[in-house]
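Undergrad: Fold the following and give me the result.
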Amino acid sequence: MTKLVVEVHDACDLMPKDGLGSASPFVEVEFDEQRQRTQTKPQELNPIWNEKLVFNVNNPRELPSKTIEVVLYNDRKGGRHKNFLGRVRISGISVPLLSDSEAIDLQRYPLDKRGPFSHIKGDIALKIYASHDGSNYTPTPPSPSPAPPPTPPTNAGNIETEATPVFQEIKTNKLQEDVIDDHEKKKKKKNKDKEVRTFHSIGTATGGPAAAPSPPVSSGTGFQSHAMKEQAPSVGTRTDFSRAGPAAAVMHMPRQQNPEFLLVETSPPVAARMRNRGWDKMSCTYDLVEPMHYLYVSVVKAKELPVMDVSGSLDPYVEVKLGNYTGKTKFLEKSQSPVWKQIFAFSKDRVQSNLLEVTVKDKDFGKDDFVGRVFFDLSEVPLRVPPDSPLAPQWYRLEDKKGIKTMMGEIMLAVWMGTQADESFPEAWHSDAHDLSHTNLNNTRSMVYFSPKLYYLRVQVIEAQDLVPADKLRMPEVYVRVQIGNQLRITKASQMRTINPIWNDELMFVASEPFEDFIIVTVEDRIGPGKEELLGRVVLSIRDVPTRLEIVKLPDPRWFNLLRPSFIEEGDKKKDKFSSKILLGLCLDAGYHVLDESTHFSSDLQPSSKHLRKQNIGVLELGILSARNVLPMKGKDGRTTDAYCAAKYGNKWVRTRTILNTLNPRWNEQYTWDVYDPCTVITICVFDNCHINGSKNDDTRDQRIGKIRIRLSTLETNRIYTHYHPLLVLTRSGLKKHGELHLALRFTCTAWVNMVAQYGKPLLPRMHYYQPISVRHIDWLRHQAMQIVAARLSRSEPPLRREAVEYMLDVDYNMWSLRRSKANVHRIMSTLSGVTAVCKWFNDICCWRNPITTCLVHVLFFILVCYPELMLPTIFLYLSVIGLWNYRFRPRHPPHMDTRLSQADNVHPDELDEEFDSFPTSRPTDLVRMRYDRMRSVAGKVQTVAGDLASQGERAQALLSWRDPRATTIFILISLIWAVLIYVTPFQLIVVLVGLYVLRHPRFRYKIPSVPVNFFKRLPSRADMLL
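TA: The predicted model follows:
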């Protein structure tokens, strides 16, 4: 007797259904009116069963027409109540026959929804096969036969591998080879026509020869390069079909995101989480970070120091020693009353001694001379916690080597125990930087920066008069060149080739306070290719340009004298002479927000003028705790990593101190920002400091370790988020995880009404909508604003370097990337998946897949026709119910970089090489030609889709344009007939008739397209008019 064996192995990533973020799943399998189930796995979203369910097959010849239905349920009360978790329908025609020479592979099936609004996710691993010998059947799993040498063995339990899963076409199983008579064939065909459902086909054994290589998975959108034709190893087989029958199309298994790239929730011992458990009131200043205690030593000055050299001079410096850590101040030449004002910080966790030694020495060519010293017992050092006032330094008399206080001078010191909340923390010399010089130490300190205030500068070039070209006989071709700093814009050449040209052109620039740049306006005559003649120049100060705050009329344009080249060389000697003039309109627009980052993840949307800014609605607090498992970035130099963090929100940038030579740095620094709009994004990046040795080489750049973006609107107010965020970087060699960053985040709302009102206000200031800036200017202005911000911050001390600023602002966001194009296409498809699900559900209703549901839809349809006033309330009530239902499944963690959404986990190396290529390209000609051909291929497909859309629109226009006289005549006659029928017939009756026609039974449906569709497709388009 033939047996059907269904081995239920495991499921993963199931939807939580118990309201507590988990589920208790079990599997129920039904075949030929036989039903069996597995055990329940309590509180498990990734259950493992490893159970076999055996069913009797009464007639093996009818197995291809049978259906195997596998349903997952959530066990609520011991099996008496259950929630739907997903299902899989498998066609019996694809069930393979188990023999001694074959082995059936474990396969994963995505869980299908029961309806269009079901919340289902995850997949299930099954092994299904038929066995002839039922009496000799044993539950021992079939032993796989050895694979041929060219084909690597496949591990059935290993689902996720580094290679992209490629699914091959399914071969026909042996049950299909049985002889079926004509009567059974007709019966089988009839059954298929009656029931059309979604089935999954099972792959055959892999013990035979390897299948033909299939194309690699790129994106599913047709983007595939010529260099992507290598064969990827196959992991499993899984195909989706629209009806029962042989495999006709190949589908790809949805990739699960690598668990290493996900967030890890933590519970660090921070004060904000421990307020109800006896928290330490001394650490309340920084409540989002772990308190780190330091021994602070403030060396202020000394007096009455003795002369140690024969020459009568003294070059004193102070050496502070605690255990194995020694810090030194700068030495001051020839001073017996030196002033240092330097602070040292020793981490309490690394303290190896209970005695602090402060020694004054004299700098000498050989061995430094001893002047005097002071000892402190750490048990007697006072504890200071802000907001206490600073500890007052005191005078201490120096002792000699024997411990006797002599007339060797005095030193002013302050010694106390504190935390990282101390105001001396950023300026202090830290014990982990003991091997750095004072000059290089400045590059490791924490600092807060502010972006310069930016404005849009509008320059209207209107006209010029009385120009004097060198050649009086030719008509000049005049244009205007305007330059502000490194920004250069050129107007079009005047269409009027006279000495009084008119342009009426408007140019936009970015200006920054304190307005130190000048506006240089140059009028030039284009004599020939690459040859211009200077006709005049005017230099204006930006400080003299009027400012416009509101949406008012632009300031009146003014006439300016153009200095000719001879006048420019001779200075102001000929000011009173005749000169040409130019009419310019200048204005500083303070009502705009100058975009220095993309609007998709902008952190500041306020206008430039502080008078137009609104009150803040809340406070954002960020605690940068630590990082772990950071990759060594300086392995070639014999070091590990010198990591520091940088964060940006609004115009405020912060930089933590650099933790030297460690793969698990601990910062524990907390920063605060005012929030004006909840729909903004904070950016946090981690870099490896490559300037701790004072490198002045321009090629030395801080290396990227990772970037994190968090949108504030996705955070719950007053909730503390503590997670390890993966630090991911996309490089030429692929995606790399450089470690994990531990962050604590809290968004506190101080004005609920204002925050809710923000959702109804425009995203940008109203100047952007009343007088919008053209699209061609936006990208150029954004790039210029980035360059100004990067140049200003790189000049700070310590500098926030240009490469760090550009990485945080995504300076290359608008550059072409095939990977980003794929990601955007997938985003569009994911967005339309809801519409697709609704259309599929409506098609199932129309085809009577589920008669009960279709009858209920008929009832609802008649109710809405009889009471049309209930239509809109029903729709909005349904939307509100869906929203309330989805509240149970709301995200519980902040957003993070999604490698699967970014198409970064399986990107081809050639695509990465193209993405990181310079502009213009620096690659060989053959490679550029290949990429150009690939671009042409992609553009050809886009062109075809655009042409099809245009054809449909032109056919709609052709209904009344008389391009096809017969078609237009038919349409007009039908329109007149319908107008009369609709006029004399009640509207509700027409709606009922149309609805019944659309929802008619499949028995009254035909595969031939309907008459209106045929009529529309026969209408002419203008595609035949294209060359």
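Undergrad: can I assume Tyr983 sits in a helix?
TA: Yes: Tyr983 sits within a helix when classified using DSSP: H, G, I helix; E, B strand; the rest coil.
Undergrad: how many neighbours does it have?
TA: By other Cβ atoms under 10 Å, 8 other residues sit near Tyr983. Every C-beta, even on glycine, is put in place using the N, C-alpha and C of the backbone.
Undergrad: Pull up the gap between it and Phe971, please.
TA: 18 Å (Cβ to Cβ, to the nearest Å).
Undergrad: again with Leu612
TA: Per Cβ to Cβ, Leu612 is found 55 Å from Phe971.
Undergrad: Repeat that for Phe261.
TA: 56 Å.
Undergrad: And Leu4, by the same measure?
TA: From Leu4 over to Phe971 the distance is 57 Å, taken as Cβ to Cβ.
Undergrad: So for those two, which sits in the more crowded spot?
TA: Leu4 (23 against 17).
Undergrad: so what's the more buried one closest to, chain neighbours aside?
TA: Nearest residue to Leu4 in three dimensions, chain neighbours excluded: Phe55, at 4.4 Å (Cβ to Cβ, 6 or more residues apart in numbering).
Undergrad: Can you pull out the low-pLDDT segments for the stretch 451-600 of the chain?
TA: Where the stretch 451-600 of the chain drops to pLDDT under 70, the residues are 565-578.
Undergrad: let's see it at 80
TA: When residues are selected by pLDDT under 80, those of the stretch 451-600 of the chain lie in 473, 564-578.
Undergrad: counting contacts, what elements does the helix or strand hosting Ala130 pack onto?
TA: Taking DSSP states H and E as the criterion, Ala130 maps to strand 123-131. Under the contact criterion of 3 or more Cβ pairs under 8 Å, 6 or more residues apart in numbering; DSSP states H and E, strand 123-131 touches strand 2-12, strand 67-75, strand 82-91, strand 107-110.
Undergrad: how much does it deviate in direction from strand 82-91?
TA: Angle between the axes of strand 123-131 and strand 82-91 is 50 degrees (criterion: axes from the mean of the first three to the mean of the last three Cα atoms, to 10 degrees).
Undergrad: Was I right to think Val264 contacts Tyr724?
TA: Yes: counting by Cβ atoms under 8 Å, Tyr724 is a contact partner of Val264 at 4.1 Å.
Undergrad: Next, show the common contact partners of those two.
TA: Taking Cβ atoms under 8 Å, 6 or more residues apart in numbering as the criterion, Val264 and Tyr724 both touch Glu740.
Undergrad: ok, those two, which is more surrounded?
TA: A count of neighbours by other Cβ under 10 Å puts Tyr724 above the other of Val264 and Tyr724, at 20 against 15.
Undergrad: Tell me how far the more buried one lies from Ala272.
TA: In terms of Cβ to Cβ, Tyr724 sits 18 Å off from Ala272.
Undergrad: what's the answer for Lys553, then?
TA: 52 Å.
Undergrad: where along the stretch 401-550 of the chain do the strands fall?
TA: Secondary structure of the stretch 401-550 of the chain (DSSP state E, counting those that start in this stretch): strands located at 405-419, 429-430, 447-450, 454-465, 478-484, 487-490, 502-512, 518-528, 531-541, 547-548.
Undergrad: Nearest to Pro42, out of those?
TA: strand 405-419 (44.8 Å; Cβ to Cβ).
Undergrad: avg pLDDT for the closest one?
TA: For strand 405-419, the mean pLDDT works out to 87.
Undergrad: Same question for it: list its buried residues.
TA: Under the neighbour-count criterion of 16 or more other Cβ atoms under 10 Å, strand 405-419 has 408-419 buried.
Undergrad: quick one: which of those is nearest to Gly21?
TA: Among the buried residues of strand 405-419, and counting by Cβ to Cβ, the member closest to Gly21 is Thr419, at 35.7 Å.
Undergrad: and the closest residue to that closest one other than its chain neighbours, helix, strand or coil?
TA: Leaving out its chain neighbours, the residue that sits closest to Thr419 by Cβ to Cβ, 6+ apart is Pro291, at 5.0 Å. Classification of Pro291 using three-state DSSP returns coil.
Undergrad: what's the spacing between Pro291 and Val385?
TA: Taken as Cβ to Cβ, the span from Pro291 to Val385 is 9 Å.
Undergrad: what's around Arg445, how many residues?
TA: With other Cβ under 10 Å as criterion, Arg445 counts 20.
Undergrad: any idea how far Val54 is from it?
TA: Taking Cβ to Cβ as the measure, Arg445 falls 71 Å from Val54.
Undergrad: Where in the chain is the helix or strand with the lowest mean pLDDT?
TA: The weakest-scoring helix or strand in the chain, judged by mean pLDDT, DSSP states H and E, is strand 239-241 (a mean of 37).
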